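1. model this:
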Amino acid sequence: MPAKPSTAQALAQLEAIFRRHGYRLRYMKGPFRGGACRLYEEKLVVINAVYPPLGRARALATIADQLRDQLDLTPEESQLIQRFAL
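-> From the prediction side, this is the model:
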């Protein structure tokens, strides 16, 4: 059984999933949680920059879980998303 990735490794893997599917990631400060959207033809994921790494990983995993039908995920990526999604 492979070792579980650290929070930093998980965050990097989650970011890579979105980038591989053409999403641009933005970390911005503001009174919001984050989410995925389309801005004209650009696919964009915005995450609150004040979140600690674990919060960022959880937010990305939750968004990925909501977009699961649109993402071509490996079994390992699916497990990672399940581990961090809220």
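
2. Against which helices or strands is the stretch of helix or strand I63 belongs to packed?
-> I63 is part of helix 53-66, with elements assigned from DSSP states H and E. Packed against helix 53-66, as judged by 3 or more CB pairs under 8 Å, 6 or more residues apart in numbering; DSSP states H and E, are the following elements: helix 7-20, strand 34-39, strand 42-48, helix 75-84. Using the backbone N, CA and C atoms, a C-beta is placed for each residue, glycine as well.

3. could you measure G34 against T74, distance?
-> Note on G34: its distance to T74, by CB to CB, to the nearest Å, is 24 Å.

4. residues contacting E15?
-> Shown in contact with E15 (CB atoms under 8 Å, 6 or more residues apart in numbering): L25, L60.

5. now with 6 Å?
-> Contacts for E15 (CB atoms under 6 Å, 6 or more residues apart in numbering) come out as L25.

6. ok, now the one 10 residues further on?
-> Counting by CB under 6 Å, 6+ apart, L25 touches E15, F18, V45.
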